[in-house]
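Colleague: fold the following and give me the result.
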Amino acid sequence: MAADDGSVMLPAGEGKTVSFSGNRVRSIHGQPGGAYSVVEWASQAGVTGTPLHVHKQTDEAFYVLEGTFGFLAGERTFEGGAGAFVFVPRGLEHAYWNAGETPAKMLITISPPGFERYFGELAEGLEAAGDDEQAAMGVRKALSEKFDIEVVGPPRRATD
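Modeller: Here you go, the predicted model:
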């Protein structure tokens, strides 16, 4: 909840949550005209992560809270456990996935804000696409035109 002085306090577990492909995204903070937004990304073990993608206007910072995430950023592939921090500047191709054998969770800071709305529309589109991979890629392509994202490669998972 926002106060008159601009401060914000979100009680534990609150915030809009969407799920897709074994991943859960909860919106924690984001205000129109603000400097950034924050989402919590939680993944079950063995599920598909994000496809390789790039943002032209959006920087992302990742802070791992639990488990282990794999990251591909530019030409580098690495894993980060709890406490790891990864920054991906706009223009750099990247992907991330649960790289461990247990559930994993991280905070993602997005600047400027707005891209976080992509996750809700993606969840709806992927649900409608079902198991049709071509339809799922079509959903991602259509959303690319609306949000600052260009998918340039397939999704990643721990076994890749």
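Colleague: C-alpha only now, for contacts and for neighbours.
Modeller: Noted.
Colleague: hey, where'd the helices end up in the protein?
Modeller: For the chain, the helices defined by DSSP state H cover 117-129, 133-146.
Colleague: okay, those, which one's buried deepest?
Modeller: helix 117-129 (a mean of 17; mean count of other Cα atoms under 10 Å).
Colleague: which helices and strands does that one pack with?
Modeller: Helices and strands touching helix 117-129, by 3 or more Cα pairs under 8 Å, 6 or more residues apart in numbering; DSSP states H and E, are strand 17-20, helix 133-146.
Colleague: centre of the chain to the last one, how far?
Modeller: Think helix 133-146. 16 Å (Cα atoms, centre = their mean, to the nearest Å).
Colleague: that helix vs helix 117-129, what angle?
Modeller: 150 degrees (axes from the mean of the first three to the mean of the last three Cα atoms, to 10 degrees).
Colleague: which pLDDT value goes with the residue nearest the centre of the chain?
Modeller: The centroid of the chain falls nearest to W41 when counting by Cα atoms, centre = their mean (6.1 Å). Looking at W41, its pLDDT is 97.
Colleague: ok so, going back, just put the helices and strands packed on helix 117-129 in TSV and tack on distance to G100 and mean pLDDT.
Modeller: Formatted as TSV, those follow (distance: least, Cα to Cα, whole Å; pLDDT from 0 to 100):
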stretch	distance to G100	mean pLDDT
strand 17-20	19	86
helix 133-146	24	85
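Colleague: which one of the ones you listed lies closest to P113?
Modeller: Comparing those by their distance to P113 (Cα to Cα), the top pick is helix 133-146, with 14.2 Å.
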